[in-house]
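Asks: Would you be able to build a 3D model of this:
(one chain, ligands or ions: 1)
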Amino acid sequence: MLIKPHVPEYHVPVTATVEAGLPVYSAERKQQVVKQIKQRLEEQNAVLVAHYYVSADLQKLADDTGGYVSDSLDMARFGKEHPAQTIIVAGVRFMGETAKILTPEKRVLMPTLEAECSLDLSCPADEFSAFCDQYPEHTVVVYSNTSTAVKARADYVVTSSIAVDLVGWLAAQGKKVLWAPDRHLGRYIEKITGVEMVRWQGECVVHDEFKARSLEDLMQTYPDAAVLVHPESPDEVIAMADKVGSTTQLIQAAQGLPNKQFIVATDKGIFYKMQQMAPDKTFIAAPSHGEGAVCKSCAHCPWMAMNDLDKLLHVLTTGENEIFVDESIRIKALRSTQRMLDFASQQ
Ligand code: SF4
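Replies: Below is the predicted model:
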């Protein structure tokens, strides 16, 4: 008998509660903390790599100190190529682990180790491995939002920027594909490629909350706005998009499309970079409530929100929150992760 994918229960913090616990800075205090962080980065030969979804303060700091702000694929590439001996990853745990998979000789620190991801939590390695064992003839493709152990079980890792191309390429070689963990992205890949896959049923708690009917109302309020949607969103929201793409692809669309207004269905942390890259344009968060539902994340990831300046200064001062991965698992995860980088470099 085939085992159905079993998505375990996991705890999801409420973003507003996380944000209520964050430090509040006066302008002067913030200046002091930023100055100390800059000093420590230099003293420790460290570079800050931040995801688009963390706070504007952290993204600005990464920009101002020769670090990098990007999506998870580019963050991993940058950390590997940068000469700094310490990489500080402001994001969620799988991003720190990916940096360690690619650059084991470097020290990888994170402002907090409590920053998880619902996709990662929804796909425990043991259960996933048992599921894969049911389909020995399938090529296992996993999203980068997974643990090192799940990557180690996979044949390929992908990000949303290359998922469609990679699955299409595998199918063209006659391969059957098992996909994990995001159910919405999996369905989107199937729709675009026409390839039917065996799919895990996890979801991103942020994108899953976007609501089609409320989006329709918002589109009537802003009839000239283009709608940008991340493919982790529900089907019916994706169907309303002018552009579907990874975070980097959505930022490029904001720059390239002629519209002056954009309704954006992804974490609103991305507005910092969008505004920087397209300063004459206006960005509006897509609705994540309505239709009788109340949002928990309200378009901002609770785990991304856990990163803050004080925590960053703390790890730079103490060396706490270092990422370690088991070497035998890392070597297996490196194989599937390196295939992602190689495939992406040929696109
Ligand atoms: S936004 Fe979604 S996919 Fe990204 S880290 Fe948060 S829970 Fe995971």
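Asks: Near the ligand, which residues of the stretch 51-200 of the chain are found?
Replies: Tyr53, Val92, Cys117, Ser118, Leu119, Asn145 (Cβ under 6 Å from any ligand atom). In this view, the C-beta of every residue, glycine as well, is placed from N, C-alpha and C.
Asks: one more time with 8 Å, if that's ok
Replies: 51, 53, 91-92, 94, 115-120, 145, 182 (Cβ under 8 Å from any ligand atom).
Asks: Give me the secondary structure label for Glu105.
Replies: coil (DSSP: H, G, I helix; E, B strand; the rest coil).
Asks: Then Ile88?
Replies: Classified using three-state DSSP, Ile88 is strand.
Asks: does it have beta-bridge partners, and which?
Replies: For Ile88, the beta-bridge partners are Leu48, Leu109 (DSSP bridges).
Asks: Closest approach to the ligand from the stretch 151-300 of the chain, which residue is it?
Replies: Residue nearest to the ligand within the stretch 151-300 of the chain: Cys204 (3.2 Å; Cβ to the nearest ligand atom).
Asks: Tell me which residues touch that residue, please.
Replies: By Cβ atoms under 8 Å, 6 or more residues apart in numbering, the residues touching Cys204 are Cys117, Ser118, Leu119, Asn145, Asp182, His184, Glu232.
Asks: go with 10 Å
Replies: With contact taken as Cβ atoms under 10 Å, 6 or more residues apart in numbering, Cys204 is in contact with 117-119, 122, 143, 145, 181-185, 230, 232-233, 266-267, 297, 301.
Asks: what's the answer for His51, then?
Replies: 58-59, 62, 68-72, 74-75, 89-92, 95, 115, 247, 267, 269-270, 301, 304, 307.
Asks: Using the three-state scheme, assign His6.
Replies: His6 - assigned by three-state DSSP - is coil.
Asks: For it, which non-adjacent residue is spatially closest?
Replies: Glu127 (5.7 Å; Cβ to Cβ, 6 or more residues apart in numbering).
Asks: sorry, back to before: secondary structure element for the residue of the stretch 151-300 of the chain closest to the ligand?
Replies: Following DSSP states H and E, there is no helix or strand that holds Cys204.
Asks: Please report phi then psi for it.
Replies: phi -90, psi 130 (degrees, to the nearest 10).
Asks: which residue does the stretch 51-200 of the chain bring closest to the ligand?
Replies: Cys117 (3.2 Å).
Asks: which residues does that residue contact?
Replies: Contacts of Cys117 by Cβ under 10 Å, 6+ apart are 72, 91-95, 123, 143-147, 181, 202, 204-206, 301, 303-304.
Asks: what's the nearest residue to it if we skip its chain neighbours?
Replies: Val92 (4.7 Å).
Asks: residue boundaries of the strands in the chain?
Replies: In the chain, the segments counted as strands under DSSP state E are 46-51, 68-70, 86-90, 107-109, 138-143, 156-158, 176-180, 198-199, 226-229, 243-244, 261-265, 282-285.
Asks: looking at these, which is buried most?
Replies: strand 86-90 (a mean of 28; mean count of other Cβ atoms under 10 Å).
Asks: Turn the residues of the stretch 51-200 of the chain next to the ligand into CSV, including pLDDT and distance to Leu102.
Replies: Shown next, in CSV, are these (pLDDT from 0 to 100; distance: Cβ to Cβ, whole Å):
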residue, pLDDT, distance to Leu102
His51, 98, 16
Tyr53, 98, 21
Gly91, 98, 15
Val92, 98, 17
Phe94, 97, 13
Ala115, 98, 19
Glu116, 98, 20
Cys117, 98, 18
Ser118, 97, 24
Leu119, 97, 20
Asp120, 98, 17
Asn145, 97, 16
Asp182, 97, 22
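Asks: Which of these fall within helices?
Replies: Of the positions in those, Phe94, Ser118, Leu119, Asp120 sit in helices, assigned by DSSP state H.
Asks: from the residues you listed, which two are the most distant?
Replies: The span of these, defined through Cβ to Cβ, is set by Phe94 and Ser118 at 11.2 Å.
Asks: Report the set of residues contacting both of these two.
Replies: With Cβ under 10 Å, 6+ apart, Phe94 and Ser118 have common neighbours Asn145.
Asks: how about Asn45, what does it touch?
Replies: Counted by Cβ under 10 Å, 6+ apart, Asn45 has contacts Pro83, Ala84, Gln85, Thr86, Lys106, Arg107.
Asks: hmm, I was thinking of Thr248
Replies: Counted by Cβ under 10 Å, 6+ apart, Thr248 has contacts Tyr52, Ser70, Asp71, Leu73, Asp74, Thr159, Ser160, Ser161, Ile270, Lys273.
Asks: Which residue in those has the weakest pLDDT?
Replies: Across those, the smallest pLDDT goes to Leu73, namely 79.
Asks: Would you reformat the contacts of Asn45 as a markdown table and include pLDDT?
Replies: Below are these laid out as a markdown table (pLDDT from 0 to 100):
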| residue | pLDDT |
| --- | --- |
| Pro83 | 97 |
| Ala84 | 97 |
| Gln85 | 97 |
| Thr86 | 98 |
| Lys106 | 96 |
| Arg107 | 97 |
